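Chemist: Build me a structure from this.
(one chain, ligands or ions: 1)
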Amino acid sequence: MAGPLVYDPYSYEIHEDPYPTYARLRREAPVYHNPERNFYALSRYHDVREAMQDWQTFSSQGGVALEGSGKAPPMIIAMDPPRQTKLRRIISAAFTPRRVAELEPRVRELAQHLLQPLRRREQFDFIDDFSGKLPMAVIAYMLGVPEDDHEMLRTWSDTLLHREPNDPRVTPAGIEAAGNLVRYFAEAAELRRRRPSTDLLSALLEAEVEGERLSREEVLGFCFLLIIAGNETTTKMLGNAVDLLYRHPEQRARLLREPHRMADAVEEVLRFEPSTQALARLVTREVTLHGVTIPAGARVMLLIGSANRDETAIERAGEFDAFRPPVAHLSFGIGTHFCLGASLARLEGRVALEEILHVMPEYQIDLSRAQRVHSTNVRGYAHLPMSSGLDHEGGIHAAS
Ligand code: HEM
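Modeler: Residues are numbered from 1 along each chain as shown. I've put the predicted structure just below:
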């Protein structure tokens, strides 16, 4: 018999496998209430989708993490229109599908450069050695951050997102890391103010909204958001992609034969194992849904990971099928906050998979030593031990 239904986004068991709990939430408690943690959760596809589109009722002003965004600088992801819409317009030009497509040769070059030394290594960590580096290199390139600083920025952003078991708070190391990130970009902005360049940071400094320049805090907020949103989620998506294709060798083999389907495979990875599993909202007025009344001022979690596996909205939702026709998954959100970096993340996913499957088509993963990241929003691996499946001359092992 199933035990009591508890959904705790801080639980390491949930981080290991949230899907059986999500299925029960959708069935038994579509408006779930957790009194200890003091939040509600929506788990059905249509409810999550509608809440995302109704920002007047489901406000972002409390931040998208259950614990709030603390002392972080002001970020559009934690604002409502009209301010969010105006500020978003400033950088949206850098992320249009056309501008992003222009980055493809650079992204490919970066991916190839990272993969090159890994071919000859007996074992490597896919996260430390590849997927943690590629998105940071891309966004840092766009912002104009020197290559030598990438590793440091990534460490800070990882530390900021880490949570100890059953403790919702940002760790002391995380608070220090957030301070380091803010200071780093404050100094970088100061340098750019004196010597403008063609990068995104300079564009932010020069941008005007209704005749006003962005405040120092707003510029820092953008840098902070791009580093956090653009780095962590894409790193985890790439890890989830190699993991899923390793677990489904017949689909990996088909992708090798049909590489033009890579973009579809990325889309299915996003749907099936979204690296952003949940977003928090603040309810601005009393809402009654499925017989449950959520009071004004309550925190609500929108469970993307559950919505994407809702069998009543998506056929064979519990099945990973890299070749499925496109479905309207919610992994990039929908509505006013729709992920600004969606085209970029899709490009990085496709190019990375193309390069990985080209260079090491028989890669192996040691799942017994894989470690999950512990966060309330992000799902994916912190460590994923991998071997290329190649011998030292770069040929494929006879046994594999
Ligand atoms: C697989 C990778 C990614 C996933 C799963 C993801 C997911 C999301 C989601 C779900 C939202 C909506 C948040 C909400 O409704 O509250 C969002 C917003 C956002 N994302 Fe992404 N994202 C990814 C990659 C990126 C990248 C590469 C960038 C930029 C470099 C980026 C920048 C942003 C920004 C700036 C927002 C806030 C937009 C706004 O509030 O108007 N994301 N992302």
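
Chemist: So which bits of this protein are right by the ligand?
Modeler: Applying CB under 6 Å from any ligand atom, one finds that the chain approaches the ligand through 52, 60, 64, 76-77, 84, 88, 139, 225-226, 229-230, 233-234, 237, 274-276, 279, 331-333, 337, 339-341, 344-345. (Glycine included, C-beta is placed from N, CA and C.)

Chemist: In strands only, show me these.
Modeler: Applying DSSP state E to the residues of the chain next to the ligand, the entries found in strands are Leu279.

Chemist: His248 touches Phe323, doesn't it?
Modeler: No. Counting by CB atoms under 8 Å, His248 does not reach Phe323; the two are 10.7 Å apart.

Chemist: Looking at these two now, which is surrounded by more residues?
Modeler: Neighbour tally, His248 and Phe323, criterion other CB atoms under 10 Å: the higher count belongs to His248, 16 against 12.

Chemist: measure that one to the ligand for me?
Modeler: As defined by CB to the nearest ligand atom, to the nearest Å, His248 lies at a distance of 19 Å from the ligand.

Chemist: Around the residue nearest to Thr96 when sequence neighbours are not counted, how many other residues sit close by?
Modeler: Sequence neighbours aside, Ser343 is the residue nearest to Thr96 in space, at 7.3 Å (criterion: CB to CB, 6 or more residues apart in numbering). With neighbours defined by other CB under 10 Å, the count for Ser343 comes to 18.

Chemist: quick one: the helices in the stretch 301-400 of the chain?
Modeler: The residue ranges that make up the helices of the stretch 301-400 of the chain, judged by DSSP state H, counting those that start in this stretch, are 304-307, 342-359.

Chemist: between those, which gets nearest to Arg372?
Modeler: Ranking those by proximity to Arg372 (CB to CB) places helix 304-307 first, at 13.4 Å.

Chemist: Quick one: distance of the closest one to the chain centre.
Modeler: Relative to its parent chain, helix 304-307 has a centroid offset of 14 Å by CA atoms, centre = their mean, to the nearest Å.

Chemist: Just the C-alphas of that helix, formatted as PDB.
Modeler: Once non-C-alpha atoms are left out, helix 304-307 reads as follows in PDB (Å, rounded to 0.1, in the frame of the first residue of the first chain):
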ATOM      1  CA  ILE A 304       7.200  21.400 -14.900                       C
ATOM      2  CA  GLY A 305       8.800  17.900 -14.400                       C
ATOM      3  CA  SER A 306       5.300  16.500 -13.600                       C
ATOM      4  CA  ALA A 307       3.400  18.500 -16.200                       C
END
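
Chemist: Identify the residues contacting the spatially most central residue of the chain.
Modeler: Against the mean C-alpha coordinate of the chain, by CA atoms, centre = their mean, the closest residue is Thr233 at 2.0 Å. Residues near Thr233 by CB atoms under 8 Å, 6 or more residues apart in numbering: 275-276, 345, 378.

Chemist: what about 10 Å?
Modeler: With contacts taken as CB atoms under 10 Å, 6 or more residues apart in numbering, Thr233 has the following neighbours: 135, 270, 274-276, 331-332, 339, 341, 345, 377-380.

Chemist: Generate a PyMOL selection restricted to the buried entries among those residues.
Modeler: Command for PyMOL that selects the buried part of the contacts of Thr233, burial taken from 16 or more other CB atoms under 10 Å:
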select buried, resi 135+270+274+275+276+331+332+339+341+345+377+378+379+380
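
Chemist: quick one: which of the contacts of Thr233 is nearest the ligand?
Modeler: Relative to the ligand, the closest of the contacts of Thr233 is Gly341; by CB to the nearest ligand atom it sits at 2.0 Å.

Chemist: Any idea how many residues pack against the nearest residue to the closest one once chain neighbours are set aside?
Modeler: Residue nearest to Gly341 in three dimensions, not counting chain neighbours: Gly230, with 5.2 Å by CB to CB, 6+ apart. Residues within reach of Gly230, counting by other CB under 10 Å, total 25.

Chemist: In the stretch 151-300 of the chain, which residue sits nearest the ligand?
Modeler: Here the stretch 151-300 of the chain gets closest to the ligand at one residue, Gly230, 2.7 Å apart by CB to the nearest ligand atom.
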